[in-house]
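Visitor: any chance you can model this:
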Amino acid sequence: MHRLLCLFPLALAAQAPGALDARVERLLRDILIFDAHIDTPRYFLDEGYRLADEHGYYELDLPRMRKGRMGAVFFGVFAQPQDYPQAQWMPRSMEVLDALHEELKRVPRDVEFARTSADVLRIHKAGRIAALASLEGGHLFHDSLPVLRQFARLGIRYITLAHFRNSIYADSMTDTPRHGGLSEAGRELIGEMNRLGMIPDVSHISDKAVLDTVAASRAPVIASHSSVKAIAPIPRNMPDEIIRAIASKGGVMCINFHAGYLDEAAYDVYIRNREARDREIKTILETRPKDPSRWELIRGVQKKYFEKMPKVPLARLEDHIDHVARLVGADHVGLGSDFDGVSGMVPVGMEDVSKYPALVRALAEKGYSDADIRKIMGLNLIRVMKANEEVAAR
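Guide: Next up, the predicted model:
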């Protein structure tokens, strides 16, 4: 009861519309909005997608970041193991990371690459946007701790221990279990990540692997882009006992905005059509390998299949945030939109990064305090980054 009273002190009194507007605008003047997982860098590499230009497709560019009052973003670097042969996993990830660094050189007045929590706060205070990098999948550094250390030197601040398939470190939640959770190599990896100040990310891995990671890590972990199984009982979402475990050592659950992860009915349609959608996309890539229009054609396929899904309202995203906050406290929930990784399958009212202020307003309407809104929208991630840095320093 005490937690609920702390979370929702304003719920006991109605907020007049004018007062609510003023409160939201006051928050937006200096709030740090920090998204833990956005996958745009592959578009820099593959399509020559320019960050400075405002686009009518995908979910992130600089003009829309400014409209959304965005302060920081963890960009995801990945090569899905089912899409690339093993020999290309590391080269592809290096190329995507290089594309991110090169693109940031084009917008130095607006965006700066960050490596630490102090960097993020300094960059945000200066009115610019902090860009950070993560690796999505332990397979990307070829099972080599020396290569992992090189990625750390290039600015990678967190690693997802497995992706859609098992790695040598951990079982994936979407693959047949191989290790029974975290492997011995995985425990060694966690120790090295703690030494380097890299945050262990437990999205995509099995429930047992999450529990093992929380137990093995000397620093808080994050789930960078996962949603709540109690609301949408699908394989990629996390049950309450796993959310409690993440929170028990100071970790943060960052909610994924994928419409199919937020709503079971939407997921059922998505998963039923996924094979046909992916087959159409593969055909385009194979038959038009050098056609510049292939990316537009692929976006058309993605849109066609998204339109078959039932619409998911912004309120369902709010439900997932609210569930975690009520379960373990506002200190342990954040944003992990998976924008530019969800093929345009987003809730109504949260179509891209320009829409974050709608979420700030929704949390205010629900009765969250200013302090808790600031935590959820970004400061919880800063706290976890700082805690991992302090463990490394020790």
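Visitor: can you check which helix is longest in this structure?
Guide: For the chain, the helix reaching the highest residue count under DSSP state H is reported as helix 264-287.
Visitor: skip ahead from that one and say which helix or strand is next.
Guide: helix 294-306 (DSSP states H and E).
Visitor: in the helix or strand that that next one is followed by, what counts as buried?
Guide: Once helix 294-306 ends, the next helix or strand along the chain (criterion: DSSP H and E) is helix 314-328. Across helix 314-328, burial judged by 16 or more other CB atoms under 10 Å covers 314, 316-325, 327-328. C-beta coordinates here come from the backbone N, C-alpha and C atoms, glycine included.
Visitor: circling back: okay, the angle between the longest helix of the chain and helix 314-328?
Guide: Comparing the axes of helix 264-287 and helix 314-328 via axes from the mean of the first three to the mean of the last three CA atoms, to 10 degrees yields an angle of 110 degrees.
Visitor: pull out the buried residues from helix 264-287.
Guide: Of the residues in helix 264-287, those buried by neighbour count under the rule 16+ other CB under 10 Å are A266, Y267, V269, Y270, R277, E280, I281, I284.
Visitor: what's near enough to touch the first one?
Guide: Listed by CB atoms under 8 Å, 6 or more residues apart in numbering, the contact partners of A266 are A259, G260, M309, P310, V312, M345.
Visitor: name the SS class of the residue lying closest to D319 once chain neighbours are set aside, please.
Guide: On the basis of CB to CB, 6 or more residues apart in numbering, the spatially nearest residue to D319 that is not a chain neighbour turns out to be I231, at 5.7 Å. Reduced to three states with DSSP: H, G, I helix; E, B strand; the rest coil, the structure at I231 is coil.
Visitor: so I231 sits right up against L317, yeah?
Guide: No. The pair I231 and L317 fails to qualify as a contact (CB atoms under 8 Å) at a distance of 10.2 Å.
Visitor: between the two, which contacts overlap?
Guide: Common contacts of I231 and L317, defined by CB under 8 Å, 6+ apart, comprise L262.
Visitor: show me which positions of the helix or strand containing V120 end up buried.
Guide: Element membership of V120 [criterion: DSSP H and E] is helix 117-125. For helix 117-125, a neighbour-count test (16+ other CB under 10 Å) marks S117, D119, V120, L121, I123, H124 as buried.
Visitor: which residue, other than its chain neighbours, is closest to the third one?
Guide: The spatially closest residue to V120, leaving aside those adjacent along the chain, is A130, at 4.3 Å (CB to CB, 6+ apart).
Visitor: and what of the second one?
Guide: In space, and not counting its chain neighbours, D119 is closest to A130: 6.4 Å by CB to CB, 6+ apart.
Visitor: where does the stretch 51-200 of the chain dip in pLDDT?
Guide: Judged by pLDDT under 70, the stretch 51-200 of the chain has no weakly predicted residues.
Visitor: now do G329 against Y368, distance only.
Guide: According to CB to CB, to the nearest Å, G329 stands 12 Å off from Y368.
Visitor: the two: which has the busier surroundings?
Guide: Neighbours per residue, other CB atoms under 10 Å: of G329 and Y368, the larger number sits with Y368, 24 against 16.
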